[in-house]
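Engineer: The sequence and its predicted three-dimensional model are supplied below.
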Amino acid sequence: MLAIKRIRILIVLSGFLFVTSFLVAQTKHSWPIYRGDPGLHGHTTIEIPQKPKVGWVSKMESGTRSSPVIGGGDIFIGSDDGNLYCLGLDGKAVWKFNASTTIEAPPLYHNNTIFVGTLEGKLFALDARTGKQRWVYNTEGQISGSPNFFYSGNTLKIIVGSYDYALHCVDGATGKFEWKYTSDNYINSAPAISGKLTAFGGCDGHLHVVDLETGKLKHKMNLSTYIASSATLSGSLAYLGDYDGQFACVDYLAQKVIWQQSGGGSFIASPAVSEGKVVIGSENRTVYCFNKKDGKLLWSHKTLGRLSGSPVIAGNKVAVASADGRLYVLDLKTGKQIWAYDMGSPSSSTPAFVKDLMVITTEDGHVFGFKLKD
């Protein structure tokens, strides 16, 4: 049973200025990054119908633990066979690029370029239209989390975490090294971005807050023993779960814990955050919904398998895949199950949304395109 710990909220009236150096990534025609936007909110205004229909099903040449992204009218997915697959919005193959080793990290699409990391520690930049390699950057450990992006002036920069303990920053056009911040253990998660800062949970149990311009540590908060999931940044607040089963909301500027939940199973998935609610899936097979402000448990929903794939809040519903092979659609207000579809294989994927389509993968390599409109 979850037990809540409420901590007095500290209102920070500081001179900190959030300078948004990029436009919000997600539109109704794209889902270009893991969780939809650089803050990793996992939220879209696109509505899911009561009973989505399968528009098409494609099969890759191997299984996948990666999540799809959508940009430029195409879908991009990494796979266990080392290929980055490009599919059209009709599910038909466009091209594939062989990176020589497993790709479990979700890709990033930006300005007709795909950025993707591999378990061999390589970060590739590919032409999104042709799959041709533009550059490759080498880290010294596996890359399991999605890259993210920001602009320094007019220069695109890419950041990505690695199992070499470091957060790497490179020039988006050339792959040239810019800076590296080193933590005390593996970085499994994707870095989230808000203004001039990035924040990520590390396997050292800390939430690290790093200056994007310099790569210098702003500060870090010791929260747990092991953080594998990606944090969501919403204003000055970060929401994240850990392997010990704690879920926290922290003010990462004031370095204060606002509220905590404990007693759930391990959190590998990342949270979805809307205006008033936070939704997260756990390895104990349960989807939880918390009040964003005070952490009160609003509802929970039990599935038949662990939840390593992250939920998405889509309008007034929640979409989440489970290791039981089902894609669930829940009512955001009540947690009541509206619909479920058996995809035939476990899924650790986060669904991606565009105007008329929801895309998700399964661990046996199937890609499902669900129609959101007739």
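Structural biologist: The structure has been received and is ready for your questions. Everything numeric here is computed off the predicted structure, so don't read it as measured data.

Engineer: my guess is residue 229 meets residue 201, correct?
Structural biologist: Yes - applying C-beta atoms under 8 Å, one finds residue 229 in contact with residue 201, separated by 6.6 Å. For the C-beta atoms, the positions are set from N, CA and C on the backbone; glycine is no exception.

Engineer: Residues that sit against both of those two, list them.
Structural biologist: Common contact partners of residue 229 and residue 201 (C-beta atoms under 8 Å, 6 or more residues apart in numbering): 189, 240, 242.

Engineer: Just send these back as JSON lines, with pLDDT and distance to residue 108 too.
Structural biologist: Converted to JSON lines, the shared contacts of residue 229 and residue 201 look like this (pLDDT from 0 to 100; distance: C-beta to C-beta, whole Å):
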{"residue": "189", "pLDDT": "98", "distance to residue 108": "14"}
{"residue": "240", "pLDDT": "97", "distance to residue 108": "20"}
{"residue": "242", "pLDDT": "96", "distance to residue 108": "25"}
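
Engineer: between the residues you listed, which is nearest residue 318?
Structural biologist: Nearest to residue 318 among the shared contacts of residue 229 and residue 201, counting by C-beta to C-beta, is residue 240 at 18.3 Å.

Engineer: wait, the closest one sits on residue 231?
Structural biologist: Yes - assessed by C-beta under 8 Å, residue 240 is found in contact with residue 231 at 3.9 Å.

Engineer: between those two, what contacts are shared?
Structural biologist: Contact criterion C-beta under 8 Å, 6+ apart; residues shared by residue 240 and residue 231: 201, 207, 270.

Engineer: what about residue 283, helix or strand, and which?
Structural biologist: Taking DSSP states H and E as the definition, one finds residue 283 inside no helix or strand.

Engineer: from here on, count from 3
Structural biologist: With the count now opening at 3, the last piece we talked about shows up as residue 285.

Engineer: burial measure for it, as a count.
Structural biologist: Using other C-beta atoms under 10 Å, residue 285 has 19 other residues around it.

Engineer: And residue 186, by the same measure?
Structural biologist: For residue 186, the neighbour count with other C-beta under 10 Å is 12.

Engineer: Tell me who's in contact with it.
Structural biologist: 167, 204, 206, 208 are the contacts of residue 186 under C-beta under 8 Å, 6+ apart.

Engineer: The residue lying closest to the second one once chain neighbours are set aside - how many residues pack around it?
Structural biologist: Think residue 204. Using C-beta to C-beta, 6 or more residues apart in numbering and skipping the chain neighbours, the partner closest in space to residue 204 is residue 185 (4.6 Å). Residues near residue 185, counting by other C-beta under 10 Å, number 21.

Engineer: now the one 4 residues further on
Structural biologist: Residue 189 has 31 neighbouring residues, counting by other C-beta under 10 Å.

Engineer: List the contacts of it.
Structural biologist: Counted by C-beta under 8 Å, 6+ apart, residue 189 has contacts 147, 163-165, 167-169, 202, 204-205.

Engineer: picking that back up, with neighbour numbers in mind, choose between residue 231 and residue 203.
Structural biologist: residue 203 (33 against 26).

Engineer: least trustworthy helix or strand in this protein by mean pLDDT?
Structural biologist: Ranked by mean pLDDT, DSSP states H and E, the weakest helix or strand in the chain is strand 5-8, scoring a mean of 43.

Engineer: helix or strand right after that one?
Structural biologist: Using DSSP H and E, the helix or strand that follows strand 5-8 in sequence is strand 45-46.

Engineer: for that following strand, what is the average pLDDT?
Structural biologist: Confidence over strand 45-46 (mean pLDDT, whole number) is 98.

Engineer: repeat for stretch 214-226
Structural biologist: Taken as a whole, stretch 214-226 has a mean pLDDT of 97.

Engineer: Check the separation of the first and last residues in it.
Structural biologist: From its first residue to its last, stretch 214-226 covers 24 Å (C-alpha to C-alpha, to the nearest Å).

Engineer: any residues touching it, and which ones?
Structural biologist: 152, 154, 159, 161, 169, 171, 180-183, 195, 198-200, 203, 207-213, 242, 244-246, 248, 250, 252, 254, 257, 259.

Engineer: sec struct for residue 72, please.
Structural biologist: Three-state assignment for residue 72 (DSSP: H, G, I helix; E, B strand; the rest coil): strand.

Engineer: and what of residue 271?
Structural biologist: coil.

Engineer: so what's it up against?
Structural biologist: 231, 243, 282-284, 309-313.

Engineer: Among those, the buried ones, what's the PyMOL command?
Structural biologist: Under the burial definition 16 or more other C-beta atoms under 10 Å, those of the contacts of residue 271 that qualify are selected in PyMOL by:
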select buried, resi 231+243+282+283+284+309+310+311+312+313
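
Engineer: farthest-separated two in the contacts of residue 271?
Structural biologist: Using C-beta to C-beta, the contacts of residue 271 span at most 13.6 Å, a distance reached by 243 and 311.

Engineer: what are the phi and psi angles of the nearest residue to residue 237 once chain neighbours are set aside?
Structural biologist: Spatially, and ignoring its direct neighbours in sequence, residue 237 is nearest to residue 196 (7.4 Å; C-beta to C-beta, 6+ apart). Backbone dihedrals for residue 196, given as degrees, to the nearest 10, come out at phi -140, psi 120.
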